[in-house]
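In: Predicted model, plus sequence, below.
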Amino acid sequence: MTRLRSAALVGNPNAGKSALFNALTGARQKIANYPGVTVERKAGRLILPSGEPVELTDLPGSYGLHPTSPDEEVTAKVILGHFPGEAAPEVLVIVLDASNLEQHLVFAQEIIALGRPTVVALNMIDLAERDGLVLDPKALETALGVPVIPTVAVRRRGLEQLVAAIADAEERAPEHHKPFIDHTERRVTAHAIADAAIVSETRRHRLHARLDRVLLHPWLGPLILFALLFVVFQAVFAGATPFADALDAGVSWLHDRVRDTIPPSLARDLLTDGVISGVGSVVVFLPQIVILFFFILAMEASGYMARAAFLMDRMMAAVGLSGRSFIPLLSSFACAIPGIMATRSITDPRDRLTTILIAPLMTCSARLPVYAVIIAAFIPNRAVAFGIGLQGLVLLALYVAGIVGAMVVALVLRRSITKGAASGFIMELPKYQMPHPKDLAIGLFQRAWIFLRRAGTIIFTVTVVLWLLLNFPRAQDGQNQVDASIAGHIANGLAVVVEPIGFNRDMALALIPAMAAREVAVSSLATTYAVAANDENQAARALGEQLKRNWTLPMALAFLAWFVFAPQCMSTIAVTRRETNGWKWPAFMLAYLFALAYAAAGLTFWAATAAGL
Amino acid sequence: MTLDLMPVGQRARIVAVDWSRLVDEEAQRLRALGLDVGARVAVAHRGVFAGNDPLAVTVGRMTVALRRVHARAMTVEAA
């Protein structure tokens, strides 16, 4: 007998596969992409009763072996062993939602018919019992001809039996060759098998139907959604501040410590001003991203996210998108990178591309430091009415400008470049359930790790390159380093281009390092105005005075308008390249967003000047 | 009567589906979710604010969200 090496979880979406995967593998997970496609490959180590490890993969949820989305295509190819470089899993673990058997058994029959070693996990049996459904796993086992193990992934029930069944599954000979049956017949059989397995069914008032009556109410539903979004944003922006400040202080401390211990040299400056400050300025956004993802993961795990998509579908349809685009766009308010990665769940490729292209227009948290500094310096802190401050109103206007811009762009794209049949919206609304803390924790850890790894690679590289551009060639005596540097020369050229929209050379110079990440504009303006400051907050206060001396109000407003649209984020470009498999779409994104930014800043500058501001 | 015209909560059975009105992938997806001839369905929720789109349809023990255009391709009779 050869040693068992691989197994895979397969099943419909919402079968509780991910929870089962987490319960079986714990935190020993590896997340990557399947080569050549942007579908996530989740793999982990499962320990058999003999103590031997098996690679367990969590295949994307699918309704059948005839794919309708990139996710389903990967699942089908991996199961059939057609995926290049990916051996077919030796044991297939079919995950069924116990309370939705007649649906889930359709795909299950298709898998079992392959005649491969197969085990069935009759999952979420507790939810079925809650709904008054009593099942007979033995009857199901007889009907299907493969072992059926009742499980409750989140309570770790039935896991040992399931692992034992996986270990034994290998010796089963492929004996279930069934003649080809078509979809309709399979559905009829699924019904019969499900009915036979149901011992009793009391029609209890199902919890999710009652919740839906409130949460999907035509008027109450959207109101609840908007209230929830308000809470999320409040938590992201207010709740993260103490943690972000602490991280910021930590970065400053490290910066100073390194500066004090290493003798002055160019290498030291590269380490402190380049690496630590640069990477540090991005790492401080970690708390916001973690908080945002906490809400997104909780909304997904509880089943509410599908309801949010339902409620937003009508609005998204107005610009040619569907409710599915809502989740990625919501994520983009924290950061476009997780937002663009979340577009993978959109089945229609044109919808997905449109969503990716407009995601950078959602006001991400990296714009906030820039907005905060400029608004504090130029917009008087006075109340307009009823405690609504003028500064807050301007900030809101910047957010709205991004959303309206995105909607208009989506509308135009869907009628030109991503033209095609109006995309549909077909989506299962899963049952409500309490998110399990462990699953949330694993999900959060994975998101945070992806973000930090990016900060450690792409952002690190870009920061070092920019530092080199700003520091070479070295200045002669009496010459300003910035003026002498390559970046300074680029700024001189750029200044000619941005002069018509009201930008001076200092602003042009700030735009260059801000290509790495928008918030770098603040620290680079501070450097340019030679403000001696230890941390960004102090720099921001002193910087305000400098800005007021050197800029006019129309210039400041133009600068704000620029940042609403400008694609000043290397990571977004990089992730777009990866998600669209090429340079075509990131190049298009750069071009159209810079064009929009230029037009918006120019219009703002000339309108403000004409208005005599 | 087509599914999109059904009053909320009324139980019905799908008697015919005009698949030609739907994009192939959408048709396949609807079938995969059990929305096919013979399925017992009911409209559970309809629209947001004053609109009529999208619909939430219960089929078996599942609730599926779909658009009115999809529901219009399905002929139902009360059950």
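Out: Cool, got the structure. For clarity, every value in this text was computed on a predicted model and none was experimentally measured. Numbers count the residues shown, from 1 in each chain, chains lettered A, B, ... in the order given.

In: Do any residues in the helix or strand of chain B with the lowest mean pLDDT lie close to chain A?
Out: Every helix and strand of chain B was ranked by mean pLDDT, DSSP states H and E. The lowest is helix B:24-32, at a mean of 88. Yes. Using C-beta under 8 Å from any C-beta of the partner chain, helix B:24-32 reaches chain A at B:25-26, B:28-32. Backbone N, C-alpha and C define where each C-beta goes, glycine included.

In: So which of those residues is the closest to chain A?
Out: Here the nearest of these to chain A, counting by C-beta to the nearest C-beta, is B:A32; it sits at 3.4 Å.

In: I'd say the closest one and A:T68 touch.
Out: Yes. B:A32 lies in contact with A:T68 (C-beta atoms under 8 Å); the separation is 7.5 Å.

In: who's more crowded, these two?
Out: Neighbours per residue (other C-beta atoms under 10 Å in any protein chain shown) separate B:A32 from A:T68, with B:A32 holding more: 23 against 20.

In: who are the neighbours in contact with the closest residue to chain B within chain A?
Out: Closest contact between chain A and chain B, by C-beta to the nearest C-beta, is at A:Y63 (3.4 Å). Each residue near A:Y63 by C-beta atoms under 8 Å, 6 or more residues apart in numbering or on different chains is listed here: A:12-13, A:72, A:106-107, B:29, B:32-33.

In: repeat for B:H45
Out: Counted by C-beta under 8 Å, 6+ apart, B:H45 has contacts A:212, A:216, A:218, A:310, B:8, B:55-56.

In: pLDDT on the host helix or strand of A:A406, on average?
Out: Applying DSSP states H and E as the criterion places A:A406 in helix A:390-415. For helix A:390-415, mean pLDDT is 92.

In: what do you get for stretch A:489-499?
Out: On average, stretch A:489-499 scores 91.

In: got the residue ranges for the strands in the chain?
Out: Since you didn't name a chain, this refers to chain A. Using DSSP state E, the strands of chain A run over residues A:6-10, A:29-33, A:40-47, A:53-58, A:91-97, A:118-123, A:133-135, A:148-150, A:198-201, A:383-385, A:388-389, A:427-429.

In: please go with chain B instead
Out: Using DSSP E, strands in chain B cover B:11-17, B:40-46, B:55-59, B:62-66, B:74-78.

In: which one of those is the most hemmed in?
Out: strand B:62-66 (a mean of 24; mean count of other C-beta atoms under 10 Å in any protein chain shown).

In: And for that one, what's in contact with it?
Out: A:100, A:103, A:208, A:212, A:306, A:309-310, A:313, A:323, A:424-429, B:30, B:33-35, B:44, B:54-58.

In: Repeat that for stretch A:581-589.
Out: Stretch A:581-589 is contacted from outside by A:36-38, A:353, A:356-357, A:360, A:417, A:567, A:573-574, A:576-577, A:580, using C-beta under 8 Å, 6+ apart.

In: ditto for stretch A:285-297
Out: Stretch A:285-297 is touched from outside by A:232, A:235-237, A:239-240, A:243-244, A:247, A:305, A:327, A:330-331, A:333-335, A:338, A:365-366, A:435, A:439-440, A:443-444, A:447-448, A:451-452, with contacts defined as C-beta under 8 Å, 6+ apart.

In: Please repeat the previous calculation with a cut-off of 7 Å.
Out: For stretch A:285-297, contacts defined as C-beta atoms under 7 Å, 6 or more residues apart in numbering or on different chains pick out A:232, A:235-236, A:239-240, A:243-244, A:247, A:331, A:334-335, A:365-366, A:440, A:443-444, A:447-448, A:451.
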